[in-house]
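[1] Predicted model and sequence below, questions to follow.
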Amino acid sequence: MQLSRALLVGSLLALTLLGSSIAGAADDPCKEAAAQFCQGMKPGDKGYTKCMRGHSKSLSKECMATLALQRDVEQSPACMADAEKFCPGVKPGGGRVMKCLRTHQSDLSENCKREIGKRSGRR
């Protein structure tokens, strides 16, 4: 009985730690760099991407990839989460992310569907 309880407690502890690391991974990989180099700015603010790119040599690969994705969907910011969810392996640029999002039209969030509709000239 004690062994079962120890396994249960250990399993719960492992799941808690795993959950914490997953939640941390979902954070913006540019958050610390933005605080350091582009104080008071956040994704979506005018000049944010330009400011961050000005410090590209100091940014992590993950942050640079996030900036590329943000640039690809900057006309449709409501689609950022959908792009990360449905198109994680799509290289940003050349409209590839938007094309991928359109292939997942029925799965997209309502806000993203509206944004894509606006870009297409439909409402």
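    Received, thanks.
[2] For this protein, which segments count as helices?
    Remark: helices assigned in the chain by DSSP state H are 2-25, 31-37, 48-53, 61-72, 80-86, 96-103, 110-119.
[3] In this structure, where is pLDDT below threshold?
    Along the chain, the model assigns pLDDT under 70 to residues 1-26, 75, 119-123.
[4] got a list of what Lys42 touches?
    Ala34, Tyr48 (C-beta atoms under 8 Å, 6 or more residues apart in numbering). Yep, even glycine has a C-beta here, placed from its N, CA and C like the rest.
[5] quick one, phi psi at the closest residue to Pro77 other than its chain neighbours?
    Excluding its sequence neighbours, the residue lying closest to Pro77 (C-beta to C-beta, 6 or more residues apart in numbering) is Gly44, at 5.4 Å. Torsion angles at Gly44 (phi, psi; degrees, to the nearest 10) stand at phi 100, psi -20.
[6] Isn't Gly44 up against Ser76?
    No: with contact defined as C-beta atoms under 8 Å, Gly44 does not reach Ser76; the gap is 11.4 Å.
[7] out of these two, which sits in the more crowded spot?
    Between Gly44 and Ser76, Ser76 has the larger neighbour count (other C-beta atoms under 10 Å), namely 21 against 11.
[8] Test my guess that that one contacts Met98.
    Yes: contact criterion C-beta under 8 Å: Ser76 and Met98 qualify, at 7.3 Å.
[9] ok, Tyr48 to Gln105 distance?
    Counting by C-beta to C-beta, to the nearest Å, the gap from Tyr48 to Gln105 is 28 Å.
[10] err, Lys57, not the other one
    Taken as C-beta to C-beta, the span from Lys57 to Gln105 is 38 Å.
[11] Number of residues surrounding Asp107?
    By other C-beta under 10 Å, the residues close to Asp107 number 12.
[12] mind listing what it touches?
    With contacts defined as C-beta under 8 Å, 6+ apart, Asp107 is in contact with Asp82, Phe86.
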